[in-house]
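Visitor: Give me coordinates for this.
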Amino acid sequence: MGQQAVDPASKEEAPRRPAQGDTDALKQSFERTMTDYFGSAVVEPVAGPVRKGRTVSNPPLAVLATTAEVLARPDADERLLTAFERERLQRFRRPADREDYLAAHLLVRYCAAAHLGTAASAVAFGQQCPGCGATGHGRPHLTDRPGTHLSLSHTNGVIAAAAAPVPVGVDVEHRGPRTTDPAALRHVLTPAEAALVQGHPDPTAAFLRLWVRKEALIKLGRATLDTLASVDLSHLPLDLPADHCDGGLHYLELTTPTAVFTAAAELPVRLVQLAEL
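Guide: Purely as a prediction, here's the structure:
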């Protein structure tokens, strides 16, 4: 979420924020999923992918982490944020929402710094809305490096961010209840996708997987809220390997006990651990 569109199908049943007593268990289950991924996946740097006849030495990277992990870093300093980010930070009523926003906006800086080989304090972060053109919100970017692309997302204690030499989109959604009423789904899904959701043993899980894919496409610039209902991804199985390719896009997907994550870009996206940044 964060820098993302609003999920029309989640208005009736917003995801429940985990109770304080559940935090440790959720953190441990998240960590087990990440340990399983990094224990089985090939996570070495992508070696020289080629795009338009040239070697890309710094391929796309993404990080999926908990808010608590990011804010526990010794360099997690609110002063890294711009004035407009700090102003928005103060407008959040719930401390948990404020922490998610702060952690996501720090994490995207860590990703950009690692991608560029610089310090997070040197990252010239900005945002611009593709719709209204305002610079106080919208798609994240680097004001001094137009060739570097960023994306970020946050949801109930879990955050994601990415940096890449090509357009990249990430989305993470909490695995809380969502309505799967056909009347609501038709605003964001094609008829074939809606049928896929309705016929799935776990309609909520099916909807969330489709939703995060479409959110990633929005952030990538391949779709908008107005076109979601015409972007058909029903040909993609809902339970694919973590890394797969479709229509010229490389997808990186992961499901934890608490969240569903997708990253998409024109080059393979490498998922790295927060400790690597």
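Visitor: where does R73 land in three-state SS?
Guide: Recorded secondary structure, R73: coil (DSSP: H, G, I helix; E, B strand; the rest coil).
Visitor: Pop out the phi and psi values for it.
Guide: Phi and psi for R73, reported as degrees, to the nearest 10, are phi -70, psi 140.
Visitor: Counting neighbours, what do you get for it?
Guide: 17 (other CB atoms under 10 Å). C-beta coordinates here come from the backbone N, C-alpha and C atoms, glycine included.
Visitor: Also A229?
Guide: Other residues close to A229 by other CB under 10 Å number 18.
Visitor: now it, what's its secondary structure?
Guide: On the three-state scheme (three-state DSSP), A229 is labelled helix.
Visitor: pLDDT at it, what is it?
Guide: Note on A229: pLDDT of 93.
Visitor: ditto for K27
Guide: For K27, pLDDT reads 67.
Visitor: Can you verify H115 is assigned to a helix?
Guide: Yes. Residue state for H115 (three-state DSSP) corresponds to a helix.
Visitor: Which strand or helix spans the residue nearest to it when sequence neighbours are not counted?
Guide: Distance criterion CB to CB, 6 or more residues apart in numbering; nearest residue to H115, sequence neighbours excluded, is A163 at 3.8 Å. In this structure, A163 is located in strand 158-164 according to DSSP states H and E.
Visitor: Convert that strand to CSV, retaining C-alpha atoms only.
Guide: Taking Å, rounded to 0.1, in the frame of the first residue of the first chain, the C-alpha atoms of strand 158-164 are listed here in CSV:
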residue,chain,number,x,y,z
VAL,A,158,4.8,-5.2,6.7
ILE,A,159,6.6,-3.1,4.1
ALA,A,160,8.2,-3.4,0.7
ALA,A,161,10.4,-1.2,-1.5
ALA,A,162,12.4,-1.5,-4.7
ALA,A,163,15.0,0.3,-6.8
ALA,A,164,15.8,-0.4,-10.4
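Visitor: Which strands and helices lie in contact with that strand?
Guide: strand 61-66, helix 67-71, helix 95-116, strand 149-155, strand 168-174, strand 259-265 (3 or more CB pairs under 8 Å, 6 or more residues apart in numbering; DSSP states H and E).
Visitor: To A83, which of these lies closest?
Guide: With CB to CB, the closest approach to A83 among those belongs to helix 95-116: 12.7 Å.
Visitor: Return the distance of that closest one from the chain's centre.
Guide: Relative to the centre of its chain, helix 95-116 is centred 11 Å away, using CA atoms, centre = their mean, to the nearest Å.
Visitor: Can you list the buried residues in it?
Guide: Judged by neighbour count using 16 or more other CB atoms under 10 Å, the buried positions of helix 95-116 are 97, 99-116.
Visitor: how about stretch 255-273: buried residues?
Guide: Within stretch 255-273, the residues that count as buried by 16+ other CB under 10 Å are 255-256, 258-267, 269-272.
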